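Asker: When you get a sec, could you give me coordinates for this:
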Amino acid sequence: MKINKSNIYYMLIAIVAIQDQLTTSPLFRSYYYGFFKYVLLVGILFCIFSEVGRVKPTRIQLLAAIALVFCGIYTATKIQSTSIIYITILSFFIKDMDIDRAIRIIYKTTLTFMCVNYIVFILMYFVNRGGLETMPMLDGGVRYLMFYDHPNNAAREYIFMIYLFAYVNYDKLKVRHWVFATVGAAAVYYFTKSDAVWTIPVIALVWAFSQRSSFEKAMQKFAQYGVVIMSALSFAMLWVASIPALNKFFLFLNVLASNRFTSNIKAFDMYGITLLGQASKFGAEFEYMGKTYGWVYADNMYLYLLIHVGAIYLIILGILLWIGAKRLNRRELLPIVAMLIFGTFENRVLSIDVYFTVLLIINALVNRRGQDDLKYMLD
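Answerer: Purely as a prediction, here's the structure:
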């Protein structure tokens, strides 16, 4: 790729996507920390300084970006993740960029690494199964990591690869693609035991109905108010658990959800809400109503942001969707709706193959602007 001003943003997208992949797979992690970490960091800094001159932000825009970067730096010291910083930077430089090209880069990068991880895993599974890294289950079974740092990350990678594929190939999507995706989800579930893969057939139904203009409007409304709705539902489950008459129903749902609800309650009780992030420690066993559960997690995007990452970022996401949903088309709405639904089951959203959905929202606000939205407020 010829390096010129029009390509630097896409270079930045590619570097961040590669960095994400190198840090999550044991196949590549040692190479990243041994050499590529600083090479990629220099590349990122080069792209940032080059892009500042192109964007030419207003004073208010620049101050807002700097404030968010400093918030992201503070959060990074607490949660050991720089994702908030990269989301801010990639959003800030998206002005006049081709969002489709950016997402194709994310798609191809993620697909390449996922294929390598999955292929090596399948070969190892048949040749040396005992050498594979696993996570024990309470019922005595195991979950395979599939050369990621957690079984749920292996599943998340597949889930959002499907949504990236659906976005990139939206005009060519057929029912058979969703059938193949669901079969693949069953295979990934067999190894990872991650319930979140079953959001894929749900989103397939959303895609099928989205061909109707009336349903597209419903998708826009859900995207617009989704953060509020899903956050309220998440808190409702915590509230239901405290009502004796409803507790048995809660425990029934908790079993169906692989103990997510009791885990969320414990995480909330232990840490409460943070504004800009805190060093929450997840993974310990805990007791609830006399029963021992393993692995305390805020296993829900909305609660995870409130408890671990910072309530301010959930609020910002809600505001962006509230302002920008009306500017999104059905192609863009599909992965955003998928992310909102996925978030009720999982907290693993601080990866570029998930937060590309935020870039879609920012792109709609910045590059399809009117005097009734963010441009009017920031210019």
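
Asker: going forward, measure contacts between C-alpha atoms and count neighbours the same way
Answerer: Fine.

Asker: which parts of stretch 37-57 are buried?
Answerer: For stretch 37-57, a neighbour-count test (16 or more other Cα atoms under 10 Å) marks 37, 40, 44, 47-48, 51, 57 as buried.

Asker: Pass me the low-pLDDT residue ranges in the stretch 1-150 of the chain, would you?
Answerer: 1-6, 138-139 (pLDDT under 70).

Asker: Let's see stretch 313-322 as PDB, backbone CA atoms only.
Answerer: Output of stretch 313-322 as PDB, limited to C-alpha atoms (Å, rounded to 0.1, in the frame of the first residue of the first chain):
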ATOM      1  CA  TYR A 313     -18.300   5.200  28.700                       C
ATOM      2  CA  LEU A 314     -21.700   3.600  28.900                       C
ATOM      3  CA  ILE A 315     -23.300   7.000  29.100                       C
ATOM      4  CA  ILE A 316     -21.300   8.200  26.000                       C
ATOM      5  CA  LEU A 317     -22.300   5.100  24.000                       C
ATOM      6  CA  GLY A 318     -25.900   5.700  24.900                       C
ATOM      7  CA  ILE A 319     -25.700   9.300  23.900                       C
ATOM      8  CA  LEU A 320     -24.000   8.500  20.600                       C
ATOM      9  CA  LEU A 321     -26.700   5.900  19.700                       C
ATOM     10  CA  TRP A 322     -29.500   8.200  20.800                       C
END
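
Asker: Report the rounded mean pLDDT for it.
Answerer: The pLDDT scores in stretch 313-322 average 96.

Asker: can you pull the buried residues of it?
Answerer: Going by 16+ other Cα under 10 Å, stretch 313-322 has these buried residues: 313-314, 318-322.

Asker: Next, format the residues you listed as CSV and append secondary structure and distance to residue 154.
Answerer: As requested, the buried residues of stretch 313-322 are exported to CSV (DSSP: H, G, I helix; E, B strand; the rest coil; distance: Cα to Cα, whole Å):
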residue, secondary structure, distance to residue 154
313, helix, 25
314, helix, 24
318, helix, 27
319, helix, 30
320, helix, 29
321, helix, 28
322, helix, 31
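
Asker: need the residues you listed in a markdown table with distance to residue 220, can you?
Answerer: Shown next, in a markdown table, are the buried residues of stretch 313-322 (distance: Cα to Cα, whole Å):
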| residue | distance to residue 220 |
| --- | --- |
| 313 | 21 |
| 314 | 19 |
| 318 | 13 |
| 319 | 14 |
| 320 | 13 |
| 321 | 9 |
| 322 | 10 |
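
Asker: For the residue nearest to residue 220 when sequence neighbours are not counted, grab the count of nearby residues.
Answerer: Leaving aside its chain neighbours, residue 220 sits nearest to residue 325 (5.6 Å; criterion: Cα to Cα, 6 or more residues apart in numbering). Residues near residue 325, counting by other Cα atoms under 10 Å, number 24.

Asker: pLDDT at residue 325, what is it?
Answerer: 93.

Asker: Contact partners for it?
Answerer: 220-221, 223-224, 333, 361 (Cα atoms under 8 Å, 6 or more residues apart in numbering).

Asker: go with 10 Å
Answerer: By Cα atoms under 10 Å, 6 or more residues apart in numbering, residue 325 lies in contact with 217, 219-225, 319, 332-333, 336, 361, 364-365.

Asker: List phi and psi for it.
Answerer: phi -60, psi -40 (degrees, to the nearest 10).

Asker: what about the helices in the stretch 251-379 of the chain?
Answerer: For the stretch 251-379 of the chain, the helices defined by DSSP state H, counting those that start in this stretch cover 260-271, 301-304, 311-324, 330-342, 352-367, 374-378.

Asker: any chance of those helices in a markdown table, plus distance to residue 7?
Answerer: Listed next are the helices of the stretch 251-379 of the chain as a markdown table, based on distance: least, Cα to Cα, whole Å:
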| stretch | distance to residue 7 |
| --- | --- |
| helix 260-271 | 43 |
| helix 301-304 | 33 |
| helix 311-324 | 26 |
| helix 330-342 | 23 |
| helix 352-367 | 17 |
| helix 374-378 | 24 |
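
Asker: Out of these, which is the most enclosed?
Answerer: helix 301-304 (a mean of 28; mean count of other Cα atoms under 10 Å).

Asker: Can you tell me what sits against it?
Answerer: Taking contacts as Cα under 10 Å, 6+ apart, the residues outside helix 301-304 that touch it are 227-228, 230-235, 264-265, 267-268, 272-273, 277, 280, 297-298, 307-311, 313-314, 339-350.

Asker: can I have that helix written out in PDB, keeping just the CAs?
Answerer: Only the C-alpha atoms of helix 301-304 are listed here, as PDB (Å, rounded to 0.1, in the frame of the first residue of the first chain):
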ATOM      1  CA  MET A 301     -21.500  -5.600  28.800                       C
ATOM      2  CA  TYR A 302     -23.600  -3.000  30.500                       C
ATOM      3  CA  LEU A 303     -22.700  -4.100  34.100                       C
ATOM      4  CA  TYR A 304     -19.100  -4.600  33.000                       C
END
